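**Q** based on what follows, work out the 3D shape:
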Amino acid sequence: MSKRLDDDISAVCAAFNLSIVDGVVTDARIAFGGMAAIPKRASACEAALIGSAWYPGVIERACDALGEDFTPLSDFRASKEYRLLTAQNLLRKFFLEQQSPEIETRVTAYA
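**A** Got it, this is the predicted structure:
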């Protein structure tokens, strides 16, 4: 997510890589840039997903866990509140875009 003013530097970026078998998240790799001094994996968010059914309720738990993973800072690109909400919304968007009736899937996306 970038405002694209003078610089094309993102306020928040995300990468998602999940394995879902029989509707259950068996593996999760989630990372964000712009949320810490350097890009970092969201280990509490990943833990909230792994072993859980792939449904909206678990996504909300994973969104809450992002608050444990990151304490974003405010700068000229975005406030800390904006960064956290944007990271949560990117995870929600990923969930919505990956809805599929397939029994076994591997989903990967970069935002």
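**Q** how about residue 35: what's its closest non-neighbour residue?
**A** Nearest residue to residue 35 in three dimensions, chain neighbours excluded: residue 70, at 4.2 Å (C-beta to C-beta, 6 or more residues apart in numbering). Where you see a C-beta, it was placed from the backbone N, CA and C, and this is true even at glycine.
**Q** kindly list the main-chain dihedrals of the one you found?
**A** Per-residue torsions, residue 70: phi -140, psi 150 (degrees, to the nearest 10).
**Q** for burial, what's the neighbour tally of it?
**A** When neighbours are defined as other C-beta atoms under 10 Å, residue 70 has 21 of them.
**Q** need the contact list for it.
**A** 32, 35-36, 40, 42, 83-84, 87 (C-beta atoms under 8 Å, 6 or more residues apart in numbering).
**Q** enumerate every residue touching the residue nearest the centre of the chain.
**A** Taking C-alpha atoms, centre = their mean as the criterion, residue 91 is the residue nearest the geometric centre of the chain, at 3.9 Å. Shown in contact with residue 91 (C-beta under 8 Å, 6+ apart): 14, 16, 30, 45, 59, 62-63, 66.
**Q** and it, that's in a helix?
**A** Yes: assigned with DSSP: H, G, I helix; E, B strand; the rest coil, residue 91 falls within a helix.
**Q** and it, how far from residue 64?
**A** From residue 91 across to residue 64, the span is 11 Å (C-beta to C-beta, to the nearest Å).
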